[in-house]
Each structure stands twice: as C-alpha cells, then as structure tokens.
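1. Coordinates for the following, if possible.
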Amino acid sequence: MLETNMGSIDRILRAAVGVALILAFFLLPDLSWRWVLWIGVIPLVTSVIGWCPAYTLVGISTCPRSGGSR
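-> Coordinates of the predicted model:
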C-alpha cells in the first residue's frame, strides 16, 4: 500500500487545479490545443489517493503524519 505523502492543504489545492483544468477543457472549445488541459487528471488523481510519485522521488512529504520532511 502507498504511504500518504500529501497534507490536507496540498490535496485541496491539487484537486482545485485539476478540476479547473478539466473544466477549462469543456468551457474553451475553440482552443486548438485544449487537449493539453486533460493534464488536470494528474493532480486530481494524486489528491484523491493522497500520494505523489514526484514527492517520493525527491523524498519530501507535506503530510504531518508521515516521516518525510516538510
């Protein structure tokens, strides 16, 4: 099982950014490069599961319960 390495504020901000990018995909149909906005799925999924692979690679954690640095 993956150990949570994201704190509450981090998760909320990621969810907000993810939702905003996905909404922009639907609200801006005239952009030729709007498919790029689907990148918002990544912060949304990481906020839901509470684990960020990039944090693991770098060795940081924003979760107060985990053993990583803040």
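2. Mind checking what secondary structure the closest residue to G40 other than its chain neighbours has?
-> Leaving aside its chain neighbours, G40 sits nearest to L21 (2.8 Å; criterion: C-beta to C-beta, 6 or more residues apart in numbering). C-beta here means a position set from N, CA and C on the backbone, and glycine is covered the same way. Look at L21: counting by DSSP: H, G, I helix; E, B strand; the rest coil, its state is helix.
3. got the CA positions of the helix or strand in which G18 is found in CSV?
-> Assigned by DSSP states H and E, G18 belongs to helix 8-27. The C-alpha coordinates for helix 8-27 follow below in CSV (Å, rounded to 0.1, in the frame of the first residue of the first chain):
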residue,chain,number,x,y,z
SER,A,8,-4.7,18.4,3.5
ILE,A,9,-3.9,21.8,2.0
ASP,A,10,-1.8,20.2,-0.7
ARG,A,11,-4.6,17.8,-1.6
ILE,A,12,-7.2,20.6,-1.7
LEU,A,13,-5.1,22.8,-3.9
ARG,A,14,-4.3,19.9,-6.3
ALA,A,15,-8.0,19.0,-6.5
ALA,A,16,-8.9,22.6,-7.3
VAL,A,17,-6.3,22.9,-10.0
GLY,A,18,-7.2,19.5,-11.5
VAL,A,19,-10.9,20.4,-11.6
ALA,A,20,-10.2,23.8,-13.1
LEU,A,21,-8.1,22.4,-15.9
ILE,A,22,-10.7,19.8,-16.8
LEU,A,23,-13.5,22.4,-16.7
ALA,A,24,-11.4,24.6,-18.9
PHE,A,25,-11.3,21.8,-21.5
PHE,A,26,-15.1,21.9,-21.7
LEU,A,27,-15.5,25.6,-21.4
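4. Since that was my last question, I'll sign off now.
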